[in-house]
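Trainee: need a 3D model of the following:
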Amino acid sequence: MSISVSISHQIGKFALDADFSIEEPGITALFGPSGSGKTTIINIIAGLTRPRRGRVQLGDRVLFDHARSINLAIRKRRVGYVFQDARLFPHMSVHDNLYYGAKRNRLKLAASDQQDIIEMLGIHKLLHRQPNNLSGGEKQRVALGRALLANPDVLLLDEPLSALDQARKEEILPYFESLRDQRKLPILYVSHAIDEVARLADQMVVIDNGKTLANGSVFDMLGRTDLAPLAGQFDTGTVLPARVASRDPKAQVSFLDCAGQRIVVPYLGHAINTPVRLHIRARDVMIARTPPAGISANNVIPVTIIRMAGSNNDTLDISLAFGHDLDAIHTGPASDRPSIHARITSWSANRLNLGLHQKVFAVIKSVTVNGHLREQ
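Mentor: The predicted model follows:
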C-alpha cells in the first residue's frame, strides 16, 4: 500500500515542508537529527497534528487534503502507532492492552492472524501479567502487538528503541525484522540511529531542519556521501546484500559471499546460503596501496577508487568499487559492481598519493562489519 505525504506546517519559528512517497511495503526510515521534524510528520499522518496545508494519502484513501477540506478522524485512519515509551494502560493486563484497539475496529483480523502476531512477538506467556511487571523490551513488544492487532493499514514507530539500553535493543530488534519480513505492512520508522536504519529499513527518507533532503533505497541512501554534511548526524557507510557461504563456529566467524568477495564477520549462527545484509561504516574502512600482511584485519578486498570528495578540510570520502577490472566497473550494470565507502584524512590521501581509477585495497576489521538476517 502506497503512502504519499506533501505537507507544510509551522510550529513557532520552525517550518516543516515534507514531500515524499512510498510505493512498497516494508520499513521506511524517517531519518535525521533530533528536532528535524520526523515525529511531527508521523503525528500528521496519524491525525494527532493538523498541518496548515498539504495532502496525505494512504493507498486510495485521502487522510488529509487542505484544499478539499478533508481531515479524516483519527479512529477512521486505520493507523497503528507505537510511541517511544510504550504507553500501556497500567490498570489493564497484557491481554487487555493487546486487544484494546482491536475491540474498537470493525475490520478485525482473523483469529489465526491474531495468534500469529502474538507468537511472532513472543508475548504469549505474558498475557496475564501487568505492565509494571514487564521489562522495557517486553513493554515495547506488547505495544507493537496492540498496534498490529488493531489491523492497521500502516504502522508508525516513533523511535521505539530510544528508551531501551543496548541489551534490550538487541532483544527486540529481531522482532522488528520478523515484522518487516512476515507481515508485509507499510511501516514508517522514526530514528536518528544509523545502525537501526541500516539493519531494518528498506527505504529511507532523510529529514533535516524540516525539509526532505532525499529519499530512496537504503542501499543507495547510506552510500550517498553528499548527505553527510547536510543531515548533521548522518554517518556515511554502505549497506550491501550478501549470503552466508560457510561458517566456523569454533573460531566464531561466518564467511559471506558479497558479489564474489569473501567477507569475514563475527559468527552469525545462520545456515549456508542464508541472505543477509552488511553494514560497513566509512570510518571503519582503511585503504592500502598494496595488500598488507601480518595484520589482524580479516578483510582485504581489491577495489578501485571511483569517487573522491572532501567532507571538510581534514577528511575525504572515497567511494571504492569492488575489483580491479576497470572495464567491468565502467561498462557493467550497477548491480554487478557494488561499492563501499571510506572516510580517511586528507593527509593520509596525500601521503598515499591516491587518485581516481587507482587500484587499491580496502582493509576492514571483522568486528566492525555488522551482518544481519535479511529475507529476500
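
Trainee: alpha carbons only for contacts and neighbour counts from here, please
Mentor: Fine.

Trainee: can you get me a residue count around the closest residue to Lys169 other than its chain neighbours?
Mentor: Nearest residue to Lys169, sequence neighbours excluded (CA to CA, 6 or more residues apart in numbering): Leu161, at 6.1 Å. If you count neighbours by other CA atoms under 10 Å, Leu161 ends up with 24.

Trainee: repeat that for Thr368.
Mentor: 16.

Trainee: please name the residues that touch it.
Mentor: Contacts for Thr368 (CA atoms under 8 Å, 6 or more residues apart in numbering) come out as Ile280, Arg281, Asp284.

Trainee: can you report phi and psi for it?
Mentor: phi -90, psi 0 (degrees, to the nearest 10).

Trainee: read off the pLDDT value for it.
Mentor: As predicted, Thr368 sits at a pLDDT of 70.

Trainee: how far away is it from Asn215?
Mentor: Applying CA to CA, to the nearest Å, the value for Thr368 to Asn215 is 26 Å.

Trainee: Asp202 now?
Mentor: Applying CA to CA to Asp202 and Asn215 gives a distance of 11 Å.

Trainee: try Ala86
Mentor: Distance, Ala86 to Asn215, by CA to CA: 28 Å.

Trainee: verify the stated contact: the residue nearest to Lys169 with Glu171.
Mentor: No - using CA atoms under 8 Å, Leu161 is not in contact with Glu171; the gap is 10.4 Å.

Trainee: make sure Ser65 is actually in contact with Gly54.
Mentor: Wrong residue type there; residue 65 is Asp, not Ser. Yes - using CA under 8 Å, Asp65 makes contact with Gly54 at a distance of 5.9 Å.

Trainee: count the neighbours of Asp317 for me.
Mentor: Neighbour tally, Asp317, other CA under 10 Å: 25.

Trainee: specify the beta-bridge partners of Arg243.
Mentor: Beta bridges link Arg243 to Asp257, Pro275, judged by DSSP bridges.

Trainee: ok, now which ones touch it?
Mentor: Counting by CA under 8 Å, 6+ apart, Arg243 has contacts Leu256, Asp257, Cys258, Ile272, Asn273, Thr274, Pro275, Val276, Arg277.

Trainee: now list the buried members of these.
Mentor: By neighbour count, with 16 or more other CA atoms under 10 Å, the contacts of Arg243 hold Leu256, Asp257, Cys258, Pro275, Val276, Arg277 as buried.
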